[in-house]
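J.: Build me a structure from this.
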Amino acid sequence: MKCLGLTGGIGSGKSYVSHIFAALGVPVFEADGRAKALYERDQWLMSRLIELLGADVYQNGVWHKEAMAAKIFANKELLSKVNDLVHPAVIRDFLHWKERQQAGTYVLLESAIILETPFASVADKIATVSAPIEVRLARLHHRDHSAAEDAQRRMEKQWSDDMRESKSDFVIHSDGKKPLLPQVLKIHHAMLA
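T.: Numbers count the residues shown, from 1 in each chain. Got it, this is the predicted structure:
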């Protein structure tokens with residue numbers, strides 16, 4: 001079964017596009033959500049994170065996101081070490097999930113950082129969802145009431161649309177003007193071929 005990697009910056013409309021693919025019957029693996037679940041159920045990952053970060057990142061066996069964030073976002077080396085643990089765990093989870101899929105000829109792997117990580121190695125094709133900065137800022141403000149400065153800082157930590165597009169097989173323009181469905185259908189038919 002083939003894999004389409006779907007990526008895009010924060011506020012690009014990536015999750016909305018993945019819902020369109022799901023409505024077409026494509027099984028969707030949302031990497032962020034699965035990673036969060038692995039923090040609390042993957043015993044190997046949990047023990048490695050405790051070794052690396054200390055026992056306070058888990059409280060009564062429950063992942064303490066804020067404690068972990070406080071340690072890793074101030075320390076790029078530590079963040080890199082955590083990613084070196086988490087990314088392979090998510091890939092293993094994805095590959096097990098993919099084996100269990102029965103419907104269709106391809107699956108979709110949604111990840112904001114697919115091109116910056118080993119996730120790209122499991123995708124046969126990559127589609128990037130791109131949107132103008134002002135559209136993305138407005139979406140983020142509407143979605144989670146992010147201040148423009150906070151949203152801008154989050155965007156600056158991610159690859160630009162140009163960088164993602166240059167490494168992608170397909171580009172979906174999510175600017176609120178160009179209809180999404182025809183763009184998604186074109187990719188869908190290409191993946192079915």
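
J.: Please name the residues that touch Arg100.
T.: Arg100 makes contact with no residue, according to C-beta atoms under 8 Å, 6 or more residues apart in numbering. For glycine as for every other residue, the C-beta is placed from the backbone atoms N, C-alpha and C.

J.: Let me know the pLDDT of it.
T.: Per-residue pLDDT puts Arg100 at 95.

J.: what's the answer for Ala148, then?
T.: At Ala148, pLDDT is 62.

J.: Same check on the one 5 residues further on?
T.: Here the pLDDT value assigned to Arg153 is 73.

J.: number of nearby residues for it?
T.: 11 (other C-beta atoms under 10 Å).

J.: Am I right that it falls within a helix?
T.: Yes: counting by DSSP: H, G, I helix; E, B strand; the rest coil, Arg153 is found in a helix.

J.: Excluding residues flanking it in the chain, which one is nearest the residue nearest the centre of the chain?
T.: Per C-alpha atoms, centre = their mean, the C-alpha nearest to the average position across the chain is that of Ser111, at 1.8 Å. In space, and not counting its chain neighbours, Ser111 is closest to Ala31: 3.8 Å by C-beta to C-beta, 6 or more residues apart in numbering.

J.: what's the distance between the residue lying farthest from the centre of the chain and Ala193?
T.: What lies farthest from the middle of the chain is Asn60; by C-alpha atoms, centre = their mean that is 28.0 Å. Between Asn60 and Ala193 the computed distance is 51 Å (C-beta to C-beta, to the nearest Å).
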